[in-house]
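S.K.: sequence? don't have it. structure:
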């Protein structure tokens, strides 16, 4: 295979990947914008099924592994059962689990943004651009506080994710 043919093949592969990724982002973005709650529930269901599959893998490791000691096998069984139970509970209570995940992500992001803003202020003396660092810190801290104390922003964040995916998807398809 010549170098030119190989490069053309690589470029075509990249274009195909960009196109597929763009279409997936576009479809998921549109689904989030049209059916935000149902799409969130589907995402939660995917996570629950993943938890069950992970639990089965851990249980399988415990049962079929001949090189592991007794306590390691017991640990894998317990871990597997916990993952399986969590996945089943999540699927049975899909709406409640979806709300819990949304609140958890919102709280996690809010705390992360506050900490990120505070950390950037503590490194101000090393910053190349002090003005931008202070601006970032203030925006980050304020965004974190707003996200923590207003659950409505979690919903707006979800809609923002959907709109962003639509834009990114369109751009990727055009690039492909």
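M.R.: Sure, I can see it. These figures come from a predicted structure and were not determined experimentally.
S.K.: Tell me the helix or strand right after the worst-scoring helix or strand of the chain on mean pLDDT.
M.R.: Lowest by mean pLDDT, DSSP states H and E among the helices and strands of the chain is helix 3-34, with a mean of 83. Next helix or strand after helix 3-34 toward the C-terminus (DSSP states H and E): helix 36-64.
S.K.: what helices or strands is that following helix leaning on?
M.R.: Counting by 3 or more CB pairs under 8 Å, 6 or more residues apart in numbering; DSSP states H and E, the packing neighbours recorded for helix 36-64 are helix 3-34, helix 70-92, helix 94-122, helix 152-175. Just so you know, the C-beta spots here come from the backbone N, C-alpha and C atoms, and that holds for glycine as well.
S.K.: In TSV: the ones you listed, plus mean neighbour count and distance to residue 137.
M.R.: Below are the helices and strands packed on helix 36-64 laid out as TSV (neighbours: other CB atoms under 10 Å; distance: least, CB to CB, whole Å):
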stretch	mean neighbour count	distance to residue 137
helix 3-34	14	30
helix 70-92	15	36
helix 94-122	15	4
helix 152-175	15	19
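S.K.: rewinding a little: how big is the angle separating the least confident helix or strand of the chain from helix 36-64?
M.R.: Put simply, helix 3-34 runs at 120 degrees to helix 36-64, going by axes from the mean of the first three to the mean of the last three CA atoms, to 10 degrees.
S.K.: now helix 3-34, how far from the centre of its chain.
M.R.: Here helix 3-34 is found 20 Å from its chain centre; the criterion is CA atoms, centre = their mean, to the nearest Å.
S.K.: how far does stretch 127-145 sit from the chain's center?
M.R.: Here stretch 127-145 is found 24 Å from its chain centre; the criterion is CA atoms, centre = their mean.
S.K.: Low-confidence regions, the protein specifically.
M.R.: The chain contains residues with pLDDT under 70 at 1-4, 6, 151.
S.K.: let's go with 80 and repeat that
M.R.: Counting by pLDDT under 80, the ranges of the chain that qualify are 1-11, 68, 127, 151-154, 175-176.
S.K.: before we move on, the earlier item: the inter-axis angle of the least confident helix or strand of the chain versus helix 152-175?
M.R.: 150 degrees.
S.K.: Could you tell me how many residues sit around the nearest residue to residue 31 once chain neighbours are set aside?
M.R.: The spatially closest residue to residue 31, leaving aside those adjacent along the chain, is residue 39, at 4.6 Å (CB to CB, 6 or more residues apart in numbering). A total of 20 residues lie near residue 39 under the criterion other CB atoms under 10 Å.
S.K.: for the one 3 residues further on, same thing?
M.R.: As a burial measure, the neighbour count of residue 42 was computed by other CB under 10 Å and equals 15.
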